[in-house]
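In: let's see this in three dimensions:
(one chain, ligands or ions: 2)
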Amino acid sequence: MPVGTLDDLSVAGRRVGVRVDINSPLDDGGLADDARLRAHEQTLSELLEKDARVAVLAHQGRPGGDEFETLATHAERLDELLDAPVSYADANFGTAAREAVESLEPGTAVVLENTRFYAEEYMQFEPEEAGETHLVAGLAPALDAFVNDAFAAAHRSQPSLIGFPQHLPSYAGRVMESELDVLGDVEATERPRVYALGGAKVSDSIDVAWNVLESGLADQVLTAGVVGNVFLLADGVDIGDASADFIYDEGYWDEIDRAADLLDAHGDRIRFPQDVAVERDGERHEIGLNALPGNEGEAAMDIGSETLRMYKSVLADAETVILNGPAGVFEDPTFATGTRELYRAASDVPFSIVGGGDTAAAIRRLGIDGFSHISTGGGACLRLLTGQALPAVEALRHGYDAD
Ligand SMILES: Nc1ncnc2c1ncn2[C@@H]1O[C@H](COP(=O)(O)OP(=O)(O)O)[C@@H](O)[C@H]1O
Ligand SMILES: O=C(OP(=O)(O)O)[C@H](O)COP(=O)(O)O
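Out: Ligands and ions are numbered 1, 2, ... in the order given. Okay, the predicted model is just below:
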């Protein structure tokens, strides 16, 4: 069943709940980066220009975490970004929230409070149960329609993401629509198709590698970052105590075995680093694999030039590249070379897709452009690229039945 979009929704004067993902890095309580807010400008402006009365729903951080904050600052920033007035209400559901929505003038918006301040929001539900939670059952009567634009959270089965389509006609916003258009049909992209997997979320990356190698989606998988170091260990390379300890400390012991199984099954399509960069006397120093054994106290912080040469030659022949995770500790300029060079080569591939919060931050920081699509999602993007369903999208597809 296709997902309806804003083209199917007539909104003038109607109250529309819009779930966005404006979960952002914070800095002294303020927004350190507003990229995720700007991503939703189009959806919100389009609704407001058509005189909708918009209730914005969103989460920020995780309960107990450093970035678990109110959405007051986000509301202020949206008010600056959008041409229409945006207010803030410190309520999610109940009388105060319903009154805030019901009193909206056409063409104005209110940002409701962080949905995760409400305990049930951080639990997983089936759609029918999600529709009966206090947040959804309490707020839905104040709304005429629901728009889900929160692609980056679409892999979560939380009430505000999957519950409203139980009660309301529901549609994908413009961010959701364009992400699904580009990422929903990865099989149709040209080959050779290369997956470049770096960064530090080793379990997720190995899941992706398994999936795309087993299904035949990937012609080549390039590994870098901590993921590359795990493949080196899996291949029996002694990468030195500092790198290995990091991997064990992060609890990735089992991942080394999974990576070894992957190498046994599909080693002909997996590339891993041939040299790495470490810090020596305060400078970048590159070491080939033969010189690595016995290397004590120097962690592999980036891929080296030999590896880059090999990866660039794979990318030069690719028609499609899907990239997730930096190649090294790009936050430190000494170790940003691998990420910068790899991303530049990837941006020259005819069709290039990039996903991941840190990956997008690295692209901005290193000033690289030319990618075909930069996804707003990390986990959601990878889930879709491995052919798995997203609960929030399934809820839009199957949820509302007017009868
Ligand atoms: N060799 C490495 N050693 C330690 N950390 C690394 C290494 N390579 C990359 N990283 C770290 O990985 C982090 C990003 O990984 P990840 O969260 O998986 O990316 P994304 O958010 O794009 O999915 C960065 O903070 C970066 O410093
Ligand atoms: O930042 C997000 O996802 P991402 O880290 O995969 O990009 C989303 O806001 C989901 O947040 P969550 O991973 O706390 O559920």
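
In: okay, now the residue of the stretch 201-350 of the chain found nearest ligand 1: neighbour count?
Out: Using CB to the nearest ligand atom, the closest approach of the stretch 201-350 of the chain to ligand 1 is made by Gly225 at 3.2 Å. (Glycine included, C-beta is placed from N, CA and C.) Neighbours of Gly225 under the rule other CB atoms under 10 Å: 31.

In: do the one 4 residues further on as well
Out: For Asn229, the count of nearby residues is 30 (other CB under 10 Å).

In: pretty sure it is touching Ala300, no?
Out: Yes. With contacts counted by CB atoms under 8 Å, Asn229 reaches Ala300, the gap being 5.5 Å.

In: quick one: common contacting residues for these two?
Out: Ile239, Ser243, Pro273, Val276 (CB atoms under 8 Å, 6 or more residues apart in numbering).

In: return the residues in contact with the last one.
Out: What that stands for is Val276. Neighbours of Val276 in contact, by CB under 8 Å, 6+ apart: Asn229, Ile239, Ser243, Glu286, Ile287, Leu292, Ala300, Met301, Asp302, Ile303, Gly304, Thr307.

In: rerun at 6 Å
Out: Going by CB atoms under 6 Å, 6 or more residues apart in numbering, Val276 touches Ala300, Gly304.

In: surely it forms part of a strand?
Out: Yes. Using DSSP: H, G, I helix; E, B strand; the rest coil, the assignment for Val276 is a strand.

In: what residues does the one helix or strand Asp245 maps to touch?
Out: Here Asp245, judged by DSSP states H and E, is contained in helix 241-249. Here helix 241-249 makes contact (CB under 6 Å, 6+ apart) with Asn229, Val230, Glu296, Gly297, Glu298, Ala299, Ala300.

In: can you say which of the residues you listed are buried?
Out: Asn229, Val230, Glu298, Ala299, Ala300 (16 or more other CB atoms under 10 Å).

In: quick one: contacts for the nearest residue to Lys201 once chain neighbours are set aside?
Out: Nearest non-adjacent residue to Lys201, counting by CB to CB, 6 or more residues apart in numbering: Gly325, 7.0 Å away. Taking CB under 6 Å, 6+ apart as the contact definition, Gly325 lies against Leu197, Gly198, Gly199, Gly225, Gly356, Thr359.

In: which SS class is the third one?
Out: Pointing back at Gly199 there. coil.

In: what pLDDT is listed against the closest residue to it other than its chain neighbours?
Out: Of all residues not flanking Gly199 in the chain, Gly325 sits nearest, at 2.3 Å (CB to CB, 6+ apart). Looking at Gly325, its pLDDT is 93.

In: ok, Ala402 next?
Out: The model's pLDDT for Ala402 equals 64.

In: go on, Gly240?
Out: Confidence score, pLDDT, at Gly240: 83.

In: quick one, phi/psi of it?
Out: Main-chain torsions, Gly240, degrees, to the nearest 10: phi 90, psi 160.

In: and it, how far is that from Gly367?
Out: Using CB to CB, to the nearest Å, Gly240 is found at 32 Å from Gly367.

In: which one of these two is surrounded by more residues?
Out: Remark: of Gly240 and Gly367, Gly240 carries more neighbours, 21 against 7, as counted by other CB under 10 Å.

In: what does the stretch 1-150 of the chain put close to ligand 2?
Out: With CB under 6 Å from any ligand atom as the criterion, the stretch 1-150 of the chain comes near ligand 2 at residues Asp21, Asn23, Arg62.

In: the first one: neighbour count?
Out: Other residues near Asp21 number 26, with proximity taken as other CB under 10 Å.

In: how is it assigned, secondary-structure-wise?
Out: coil.

In: and what of Val54?
Out: Val54 ends up strand, using three-state DSSP.

In: so for it, what's the nearest residue that isn't a sequence neighbour?
Out: In space, Val54 comes closest to Ala109 once its chain neighbours are excluded; the distance is 3.9 Å by CB to CB, 6+ apart.

In: hang on, the one you found is in a helix, isn't it?
Out: No. With three-state DSSP as the criterion, Ala109 is located in strand rather than a helix.

In: who's it bridged to?
Out: Judged by DSSP bridges, the bridge partners of Ala109 are Val54, Val86.

In: so the residue of the stretch 201-350 of the chain closest to ligand 1 makes contact with Ala196?
Out: No. At 10.0 Å, Gly225 and Ala196 do not qualify as touching, with contact defined as CB atoms under 6 Å.

In: give the contact list for Ser375.
Out: By CB under 6 Å, 6+ apart, the neighbours of Ser375 are Gly355, Cys381.

In: tell me the residue of this protein that sits nearest ligand 2?
Out: For the chain, CB to the nearest ligand atom, closest residue to ligand 2: Gly378, 2.9 Å.

In: what's around that residue, how many residues?
Out: By the criterion of other CB under 10 Å, Gly378 has 21 neighbours.

In: check His266 too.
Out: Neighbour tally, His266, other CB under 10 Å: 16.

In: skipping adjacent residues, who's closest to it in space?
Out: Leu213 (4.2 Å).

In: so for the one you found, what's the pLDDT?
Out: 96.

In: ok, now the one 10 residues further on?
Out: Residue-level confidence at Thr223 comes out at 98, pLDDT.

In: for it, what are its contacts?
Out: Thr223 makes contacts with Leu197, Phe231, Phe272, as judged by CB under 6 Å, 6+ apart.

In: of these, just the buried ones, ChimeraX syntax please.
Out: To isolate the buried members of those in ChimeraX, using 16+ other CB under 10 Å:
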select :197,231,272
